[in-house]
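**Student:** Got a sequence here, can you model it:
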Amino acid sequence: MPERVTIKQVAQQAGVSVATVSAVIRGATNGNVRISAPTRERVERVVDELGYRPNFLARGLRNQKSQLLGFITDVVGQSLATGAMLQGAQDAASEAGIALLLFTTGDDRQIERRAIDIMHGHRVDGLIYGTMSHRVVEVPDGVRDLRTVLLDARAADGSLPSVEPDDERGGYEATRYLIDAGHRRIAFVTTREPSRAADERLAGHRRALSEAGIQADSALIVSAENTLSVKMGEDAAAGLLALPALPTAIFAYNDPLAQGVYQAIHEAGLRVPHDVSVIGYDDQLHIAAALEPGLTTMRLPHYEMGRWAVEHLLSRGADGSQPPAQIRMECPLVERASVARREAPMGS
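**Tutor:** Okay, here's the model as predicted:
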């Protein structure tokens, strides 16, 4: 077996100090370490040529850190819509020179228990505990023994730092956007499935209507059985389009339901947004950007949430010295072409 290349060999061949090589590998950018671009490129080239790999185990033994963060999820790793959380966490960890140890449990408690044990065995420097859709969770045994951040979840007792999307505000902003475009008869297509997200988006929708002095109409709130079913969204919207007084705008709980709303509008011989405006939620690009016209929607801040979780773990924010942060991230509006301005009738 060939001998392991050392950091000293890299430094000698690159013509720099060991400290400079170490700083380049860590990606150091603080004011105490200033490395020119040519020097950095030369060190990186030598690292590649020699096949040097940092000895994170030895480093961990010296500074009592494993250079690992754990990431346990239920099914989030299998979801296209939430893969950005993993990317955000990975980017932040990579920039800090550490690695993520990822487990997807499939919501199986036995697998989860094993994953937690493995995290302890690897002495991870912190743990991200994530869920598929933000919900209140009972924190499993063993998690509290680690510096932990909850991602897209919140502890029932609020005892751990957490980051979630602010869906109440998102529902409010989506409806407010329609109101500002002149709409007054605004429908909401939600889900029958138990969901904090649905409850909060509906609450925000109702708050926006109330602040605008618009009387809520229960006939304009309809539910779909399955939030991932385009057909369910179409069926729900078809009922709205059969009302004696049509809604001028429809706010869909998520983008798949919004796609179904589009289909119902087309089937009724109407057009988006000329006859009925539509706004969605999630910003699932394979839907929102692909629809014709493009779907205006609220973007879930998955990438930013993943980054925040890692950055918070690497700060002193999760070490118990401060009250646990409970972050609710804004869901920004992504404007496309599915909402038309509507002139309010005279005297309205």
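**Student:** Would you map the helices across the stretch 51-200 of the chain?
**Tutor:** Taking DSSP state H, counting those that start in this stretch, the helices of the stretch 51-200 of the chain run over residues 56-63, 83-95, 109-121, 167-180, 196-211.
**Student:** Of those, flag the one that's most buried.
**Tutor:** Comparing the helices of the stretch 51-200 of the chain by mean neighbour count (mean count of other CB atoms under 10 Å), helix 167-180 comes out on top with a mean of 22. Quick note: C-beta positions are derived from backbone N, CA and C, even for glycine.
**Student:** Can you name the residues in contact with that helix?
**Tutor:** Helix 167-180 has contacts (CB atoms under 8 Å, 6 or more residues apart in numbering) with 134, 186, 196-197, 200-205, 207-209, 212, 214, 249, 251, 277, 279, 281, 296, 298, 328, 330-331, 333, 339.
**Student:** same thing but 7 Å
**Tutor:** For helix 167-180, contacts defined as CB atoms under 7 Å, 6 or more residues apart in numbering pick out 186, 197, 200-205, 207-209, 212, 249, 251, 277, 279, 281, 298, 330-331, 333, 339.
**Student:** Bridging across strands, which residues link to the residue lying closest to Met232 once chain neighbours are set aside?
**Tutor:** If the residues on either side of it in the chain are set aside, Met232 comes closest to Ala224, at 3.8 Å by CB to CB, 6 or more residues apart in numbering. With DSSP bridges applied, the residues forming beta bridges to Ala224 are Thr191.
**Student:** Low-confidence ranges, the stretch 101-250 of the chain, go.
**Tutor:** For the stretch 101-250 of the chain, no stretch has pLDDT under 70.
**Student:** all strands of the protein, in order?
**Tutor:** Ranges of strands in the chain, per DSSP state E, are 68-73, 99-104, 127-137, 148-155, 162-165, 186-191, 221-224, 249-252, 277-282, 296-299, 326-329, 333-334.
**Student:** What strands line up against the first one, and which way round?
**Tutor:** Partners of strand 68-73 in the sheet, by DSSP bridges, are strand 99-104 (parallel), strand 127-137 (parallel).
**Student:** what's next to it, contact-wise?
**Tutor:** For strand 68-73, the external contacting residues (CB under 7 Å, 6+ apart) are 89, 93, 98-105, 112, 115-116, 119, 122, 124-130, 310, 313.
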